[in-house]
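Peer 1: Provided below for reference: sequence and predicted model.
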Amino acid sequence: MGKNWFSKDPKEQLAGKTAIIMGGGSGIGKATAEQFAAAGANLMICGVPEQICLDTAEELRAEGANAIGMLCDGTKADMVQAMIDKTLEEFGGIDILVSTAGISLPRMNSIDVTEADWDKIFAVNLKANFFLATAVARVMKDNPDGGKMVIISSQRGISAMENIAPYSITKAAVMGMVRSLAVDFAQFGIQVNGIAPGYVMTPMVEKVFADNPAQQEYVYGRTPSKVKMGSLQEMAEAIYFLCSPVTTYTTGQTLILDGGWSIQ
C-alpha cells in the first residue's frame with residue numbers, strides 16, 4: 001500500500017501545525033486539545049476562566065505536547081489580539097482555529113427574555129466567534145496552505161425546544177456564519193466548518209441535568225439512537241477530521257452529531 005496520510009505515525013499527522021482552541025480548558029474543547037496534542041500540534045489553550053486553560057496546557061505539556069494556556073474573553077477584542085500575538089510569538093504561525101465559545105441562559109419563555117439577556121448570549125455565541133474568526137483569518141490568509149477553522153454550534157440550531165429561544169437562535173446563526181465565512185475566506189485557502197452536537201456530557205449539560213432531572217429523562221426517551229449521549233471523544237474526532245490534512249474539499253458544512261434527533 002502506498003504512503004498516505006493515514007499511514008503516518010499519529011504524532012506526525014499535525015506535526016508543525018499550530019492550533020488555537022478557544023474553550024480548550026474543558027468539555028469538547030479539552031477533548032479536542034488532547035486529540036490534537038496526540039497528533040503533534042502546537043497548542044494555544046485559551047478561554048475563560050483562566051485556570052482551567054493553564055491547567056489543561058500543563059497536563060498536555062506533562063505528556064510531551066507543546067502547549068500554552070492563556071486567559072481570553074472572546075467578547076473583548078484586545079484580549080483576542082493579545083492571544084493571537086502570544087500564539088505567533090510562541091509558535092510562529094496559526095494553522096487551525098477551533099472555537100467552542102458559547103453560553104446558555106436560564107430556561108425561560110421568550111416573553112420573559114430581557115434585552116440584557118439577548119445581548120449577553122449574542123455577544124458570546126455569535127459576536128465573539130465572528131470576530132475571533134476574522135482576526136485569525138488575517139493571519140491565516142498569508143499562509144501558503146491557508147488554514148482550517150471549526151466553530152461549534154448545537155443541534156438546537158436546527159431543532160427548537162421550548163424556553164431556550166435565544167440559545168437556539170444564536171446556534172442557528174452560527175451555522176449561517178460558518179457558511180458565510182467559508183465563502184469569504186475561500187479565496188485565502190481557509191476552510192470553515194462546524195459541528196452541531198446533540199447531548200454530550202459537557203459541564204453545561206451536566207448543570208442542566210442536575211438542575212432539572214426530568215430533562216435528562218426526556219432526552220433519553222427522545223433520542224432514537226441506542227446510545228443516548230454523545231461522547232467528548234466522538235466530538236473531538238469529528239473536529240479532528242475537519243482539521244486533518246486529508247480534508248481539503250469540505251467547507252461551509254456543519255456536521256450534525258445528535259444521536260438521530262434531527263432525523264425525526
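Peer 2: Everything's here; your move.
Peer 1: so what's the residue count around residue 160?
Peer 2: By the criterion of other C-beta atoms under 10 Å, residue 160 has 12 neighbours. Bear in mind the C-beta positions are built from the backbone N, C-alpha and C, glycine included.
Peer 1: can you check the one 5 residues further on too?
Peer 2: The number of residues packed near residue 165 is 18, by other C-beta under 10 Å.
Peer 1: same thing with residue 18?
Peer 2: Neighbours around residue 18, by other C-beta under 10 Å: 22.
Peer 1: contact partners for it?
Peer 2: Residues near residue 18 by C-beta atoms under 8 Å, 6 or more residues apart in numbering: 41-44, 87, 91-96.
Peer 1: sort out for me which of these are in strands.
Peer 2: 42-44, 96 (DSSP state E).
Peer 1: can I get those in a markdown table with neighbour count, pLDDT and distance to residue 219?
Peer 2: Below are the ones in strands among the contacts of residue 18 laid out as a markdown table (neighbours: other C-beta atoms under 10 Å; pLDDT from 0 to 100; distance: C-beta to C-beta, whole Å):
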| residue | neighbour count | pLDDT | distance to residue 219 |
| --- | --- | --- | --- |
| 42 | 25 | 98 | 37 |
| 43 | 30 | 98 | 32 |
| 44 | 29 | 98 | 33 |
| 96 | 27 | 98 | 31 |
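Peer 1: can you redo those as TSV with distance to residue 58?
Peer 2: Listed next are the ones in strands among the contacts of residue 18 as TSV, based on distance: C-beta to C-beta, whole Å:
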residue	distance to residue 58
42	15
43	12
44	14
96	21
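Peer 1: so which of the contacts of residue 18 comes closest to residue 206?
Peer 2: residue 43 (24.5 Å; C-beta to C-beta).
Peer 1: my guess is that closest one contacts residue 68, does it?
Peer 2: Yes - the criterion here is C-beta atoms under 8 Å, and residue 43 meets it with residue 68 at 7.3 Å.
Peer 1: common neighbours of these two, please.
Peer 2: Joint contacts of residue 43 and residue 68 (C-beta under 8 Å, 6+ apart) are residue 57.
Peer 1: give me the neighbour count for the closest residue to residue 259 other than its chain neighbours.
Peer 2: Closest residue to residue 259 apart from its sequence neighbours, by C-beta to C-beta, 6 or more residues apart in numbering: residue 225 at 3.7 Å. By other C-beta under 10 Å, 13 other residues sit near residue 225.
Peer 1: distance check, residue 225 against residue 70.
Peer 2: Residue 225 sits 37 Å away from residue 70, going by C-beta to C-beta, to the nearest Å.
Peer 1: look up phi and psi at residue 197.
Peer 2: phi -70, psi 150 (degrees, to the nearest 10).
Peer 1: residue 15 now?
Peer 2: phi -60, psi 130.
Peer 1: thought it was touching residue 40?
Peer 2: Yes - in this structure, residue 15 is within contact of residue 40 by C-beta under 8 Å, at 3.9 Å.
Peer 1: more neighbours: the two, which one.
Peer 2: Taking other C-beta under 10 Å, residue 15 and residue 40 do not tie; residue 40 has more neighbours (19 against 13).
Peer 1: which residues touch the more buried one?
Peer 2: Residue 40 neighbours (C-beta under 8 Å, 6+ apart): 10-17.
Peer 1: which two of these have the greatest separation?
Peer 2: Across the contacts of residue 40, the two lying at the largest distance from each other (C-beta to C-beta) are 10 and 16, at 14.4 Å.
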